[in-house]
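Chemist: Pasting the sequence and the predicted coordinates here, then a few questions.
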Amino acid sequence: MGEKSELKREYILKKAKVVFAHKGYRAVTMKDIVEACEISRGGLYLYFGSTEDIFKEILKLELESGSEEGSGNLSQDASMTEILMFFLKEQKKMILRKKQDITIATYEYMFAHRGEKDSTEMIRTQFETGVMVLTKIIQEGVERGEFYCANAKAEANNIMYVLEGMKVCAKTLGLSERKVDEELLYLVSGLVMEE
């Protein structure tokens with residue numbers, strides 16, 4: 001694909017993301033994306049065959065950008081508590097994110113494709129990666145005497161389930177930053193050893 005074609009493709013994805021953020025997954029049509037991009041229907045079909053193709057590509061880009069943001073600038077000698085807090089701070093940003101947020105569209109997509117492993121693999125992988133990262137942080141924190149935890153993987157799963165639930169609540173019930181902070185502090189307080 002040439003540079004001009006790649007720029008056009010990126011433009012379509014950028015505009016389509018706004019449409020999905022506004023309307024969700026199920027309500028979006030190719031016509032909506034054509035109108036948002038101000039291109040012809042044929043022009044859109046040169047790049048994508050369906051709204052699902054477009055959404056999957058947006059989702060892939062979202063997951064990639066999320067993993068890049070989470071790499072952060074922690075010093076080599078950071079404590080495991082600091083590393084855990086950094087991880088949770090990045091999660092908090094995702095929970096409270098409002099601009100061009102496709103969380104609701106993502107859940108609609110997941111429900112529409114329940115049982116189709118290939119369609120939900122990216123999101124499942126992201127969740128499992130979060131569990132793996134948290135498990136390592138907790139295990140290392142226990143070894144260093146910073147945390148107390150009998151089962152690091154079970155605790156990591158629990159934290160990820162709570163984070164996922166908070167994402168849903170933020171979009172449906174509304175969560176204030178203060179409430180998110182309280183919940184994250186509660187999660188950490190069960191791990192951190194008293195000095």
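Modeler: Cool, the structure landed. Numbering: from 1, shown residues only.
Chemist: ok, residue 36 touching residue 21?
Modeler: No. Counting by Cβ atoms under 8 Å, residue 36 sits too far from residue 21 to count as a contact (11.1 Å). For every residue, glycine as well, the C-beta is placed using N, CA and C.
Chemist: Okay, helices next: where are they in the chain?
Modeler: For the chain, the helices defined by DSSP state H occupy 3-23, 30-37, 41-45, 51-69, 80-96, 103-112, 117-143, 152-172, 177-189.
Chemist: how distant is the longest one from the center of its chain?
Modeler: When C-alpha coordinates are averaged (Cα atoms, centre = their mean, to the nearest Å), helix 117-143 and its chain have centres 12 Å apart.
Chemist: list the buried ones in it?
Modeler: Neighbour-count burial for helix 117-143, counted by 16 or more other Cβ atoms under 10 Å, picks out 119, 122-123, 126, 130-131, 133-135, 137-142.
Chemist: in the protein, what spans have low per-residue confidence?
Modeler: Where the chain drops to pLDDT under 70, the residues are 1, 66-75, 100, 193-195.
Chemist: Would you map out the domains in the chain?
Modeler: Under the assignment automatic domain parsing, the domains of the chain span 1-55, 70-195.
Chemist: Tell me which of these lies nearest to residue 61.
Modeler: Nearest to residue 61, of all those, is domain 1-55, at 6.7 Å by Cβ to Cβ.
Chemist: Would you agree residue 148 is in contact with residue 142?
Modeler: Yes. Taking Cβ under 8 Å as the definition, residue 148 is a contact partner of residue 142 at 7.0 Å.
Chemist: Would you agree residue 41 is in contact with residue 33?
Modeler: No. The pair residue 41 / residue 33 is not scored as a contact, 9.5 Å apart, by Cβ under 8 Å.
Chemist: More neighbours: those two, which one.
Modeler: Neighbours of residue 41 and residue 33, each counted by other Cβ atoms under 10 Å, are more numerous for residue 33; the result is 22 against 10.
Chemist: The more buried one: what's its closest spatial neighbour, skipping adjacent residues?
Modeler: Among residues not flanking residue 33 along the chain, residue 16 sits closest, at 4.9 Å (Cβ to Cβ, 6 or more residues apart in numbering).
Chemist: Tell me, how many residues neighbour that neighbour?
Modeler: The burial count for residue 16: 24, using other Cβ under 10 Å.
Chemist: repeat for the one 3 residues further on
Modeler: The burial count assigned to residue 19 is 23, neighbours taken as other Cβ under 10 Å.
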